[in-house]
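1. no sequence on hand, only this structure:
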């Protein structure tokens, strides 16, 4: 396992802070009626995607959940690319054919999941199986929420991964609520990680607000996978700081929201950096300012760009039709 | 040429393609150790090993999803659904994960997989369903339905090499049918129908096991001087529209022969091809659809023979279009 250096910690912080600022700006644009797509905001859960994806090899792959925006940032997607995707611009990743969170960036090792929750879990297993068959020690990171763990594809996928000792790490972002309902309606157990035992591989619980803990736990699972020891299920306990989707009402208890807001993953890492003198107050402020300034121009450019033309809509259904 | 059964021809295609392309994988229920319920995959695991040929648990959605993931990573998986009625279970993986993969990646990814789906309209109301119309409806999928050994082999080879996901229907009742197959390497393009019989009075459009049924009907009706033309679609998607319109413009009479339920079945699409073209003016009689009248497949053979279309039903269909 590569030891994280102060520059790595600063970069993780930059990614998490950028994700928070970006997400809240996108929400604001949506609420103002400017952004033509809604989003499932990741605020509060930034430590998971950043901690898990940080330090992956270029040849490794990830499939994000609908909320793991951090997978994109950490693998190298820029704010401009993301905003262009949200606006469905002509030069965006898939020219408006799919939402930003179900977009794939093959050159960055990101596969698109589908909108069918958990369907990407067996897909991730098959992709990992292919990596294994090719004789590589590359890995697949598969992200999903607690809601996905109730679907058959979760169970079939985990079982198949175990049978094949597939080099895949399952990362469940358990934010204690699925859409509008609490976890108690989706399962009668407390810890999704317990389910791994039923398939014969380790299930690990990690503090999803602590990026360093997420990173360390994922690195152990990745190391197991690279050594041919098979999958791991990581359950990151976390909380989303915004509503499930901007137009849906808040259904969670105010006390619970208040309690979890004390454990803001961006603040936790920021305080750690300050306390250990890896960053000073003015550097922290400069970083935030620079992200905001860059984002301003990203939005301006994204809004000025054209949509893809009509021919894009019907292209690439089959191989022959590629334009 | 050599004589092979339909089942042997499919097996030969799998052997040849696995030998020439190490990206090809074969998996599904009972395909490896046992060699497939009908022996179609027999010997594959022994020859190509447990990594490339493996049995799966009863997890149709799971292993169809695995096929998608492996295909996206550059492999050429061939996954078997041992009864076509089972397609209802992995349908999401086929319809969403596989069919849309190229589109949502804007052409940057391919999903070259084959789902072999074994049709058998007997046994029970579930496994016995003919569901080719369900997948034919989905953009991004190709649908292949061979009726002869030569086509089964040639089209399976093409399907495995195709850059897009293919649902390949086989028919259990055809497995033991014999036919001539070239000794040398060959393949058959997806999207071309074949003229199974040339005739002048009535066109029958058929696929899978309804092709031999149509040829039997033609033989019997020939004794009465009725000359049937039989179009074997071979591929439903893409559909060879020209083969249909060319024949109907000649005969002016059309009978659809399908084992599936007629309502919203693939035959309706064939009729739409005619209705949408100038050939519609050549029709001398209303079109007949011969197929399942819209009931689940009964378990007992003594019942289901009233439901599953036969040669005699086809003959009745032909007489109907000739009588008006």
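-> Great, that's in hand. Quantities reported herein were computed from a predicted structural model and do not represent experimental measurements.
2. now the strands for the stretch 151-300 of chain B?
-> Ranges of strands in the stretch 151-300 of chain B, per DSSP state E, counting those that start in this stretch, are B:166-171, B:178-181, B:194-197, B:202-206, B:228-232, B:235-237, B:254-261, B:288-292.
3. and the first one, does that touch chain A?
-> So that's strand B:166-171. No. Strand B:166-171 lies out of reach of chain A by C-beta under 8 Å from any C-beta of the partner chain, never closer than 11.0 Å. Every C-beta, even on glycine, is put in place using the N, C-alpha and C of the backbone.
4. ok, now which ones touch residue A:170?
-> Residues in contact with residue A:170 (C-beta atoms under 8 Å, 6 or more residues apart in numbering or on different chains) are A:121, A:124, A:142, A:144, A:157-158, A:161, A:231-234.
5. identify the residue nearest residue B:3 in space, chain neighbours excluded?
-> What sits nearest to residue B:3 in space, not counting adjacent residues and going by C-beta to C-beta, 6 or more residues apart in numbering or on different chains, is residue B:178, at 5.3 Å.
6. just list whatever residues bridge to the one you found.
-> Taking DSSP bridges as the rule, residue B:178 bridges to residue B:5.
7. of the contacts of residue A:170, which is the nearest to residue B:80?
-> Nearest to residue B:80, judged by C-beta to C-beta, of the contacts of residue A:170 is residue A:157 at 19.1 Å.
8. what number of residues lie near the closest residue to chain A within the stretch 201-324 of chain B?
-> Nearest residue of the stretch 201-324 of chain B to chain A (C-beta to the nearest C-beta) works out as residue B:238 at 8.4 Å. By the measure other C-beta atoms under 10 Å in any protein chain shown, the count of residues near residue B:238 is 14.
9. spell out which parts of the stretch 151-300 of chain B neighbour chain A.
-> Within the stretch 151-300 of chain B, the positions adjacent to chain A are B:162-164 by C-beta under 8 Å from any C-beta.
10. in ChimeraX, how would I select the buried members of these?
-> Burial among these is assessed by 16 or more other C-beta atoms under 10 Å in any protein chain shown; the matching ChimeraX selection reads:
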select /B:162,164
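11. just the ones of the residues of the stretch 151-300 of chain B next to chain A in helices?
-> Judged by DSSP state H, those include no members of helices.
12. want to throw the residues of the stretch 151-300 of chain B next to chain A into TSV with distance to residue B:119 and pLDDT?
-> Shown next, in TSV, are those (distance: C-beta to C-beta, whole Å; pLDDT from 0 to 100):
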residue	distance to residue B:119	pLDDT
B:162	20	98
B:163	25	98
B:164	21	98
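13. so which of the residues of the stretch 151-300 of chain B next to chain A comes closest to residue A:222?
-> Nearest to residue A:222 among these is residue B:163, at 31.4 Å by C-beta to C-beta.
14. so that closest one touches residue B:113, yeah?
-> No. Look at residue B:163 against residue B:113 with C-beta atoms under 8 Å: they stay out of range, at 10.4 Å.
15. rounded mean pLDDT for the longest helix along chain A, please.
-> Secondary structure of chain A read by DSSP H shows that its longest helix is helix A:6-31. What helix A:6-31 shows for mean pLDDT is 97.
16. in it, what counts as buried?
-> Going by neighbour count (16+ other C-beta under 10 Å), the buried part of helix A:6-31 is A:9-10, A:12-23, A:25-27, A:29-30.
17. isn't residue A:211 right up against residue A:266?
-> No. Using C-beta under 8 Å, residue A:211 makes no contact with residue A:266, being 9.1 Å away.
18. comparing these two, which shows the higher neighbour count?
-> Neighbour totals were compared for residue A:211 and residue A:266, and residue A:211 leads with 29 against 22 (other C-beta under 10 Å).
19. residue contacts, that one?
-> Shown in contact with residue A:211 (C-beta under 8 Å, 6+ apart): A:12, A:16, A:46-47, A:50-51, A:265, A:268-269.
20. please name the residues that touch residue B:99.
-> By C-beta under 8 Å, 6+ apart, the contact list for residue B:99 reads B:111, B:138-141, B:165.
21. and residue B:27, what are its phi and psi?
-> Dihedral pair for residue B:27: phi -150, psi 160, per degrees, to the nearest 10.
22. which residues does it bridge with?
-> Beta bridges link residue B:27 to residue B:54, residue B:79, judged by DSSP bridges.
23. what's the burial count for it?
-> Using other C-beta under 10 Å, residue B:27 is surrounded by 23 other residues.
24. is it in contact with residue B:53, as I believe?
-> Yes. With contacts counted by C-beta under 8 Å, residue B:27 reaches residue B:53, the gap being 7.0 Å.
25. mind checking which of the contacts of residue B:99 are buried?
-> Using 16+ other C-beta under 10 Å as the burial test, those include B:111, B:138, B:140-141, B:165 as buried.
26. give me the subset of the residues you listed lying in helices.
-> Using DSSP H, no member of the buried ones among the contacts of residue B:99 falls in helices.
27. closest to residue B:9 among those?
-> Taking the buried ones among the contacts of residue B:99 together and measuring to residue B:9 by C-beta to C-beta, the closest member is residue B:165, at 22.1 Å.
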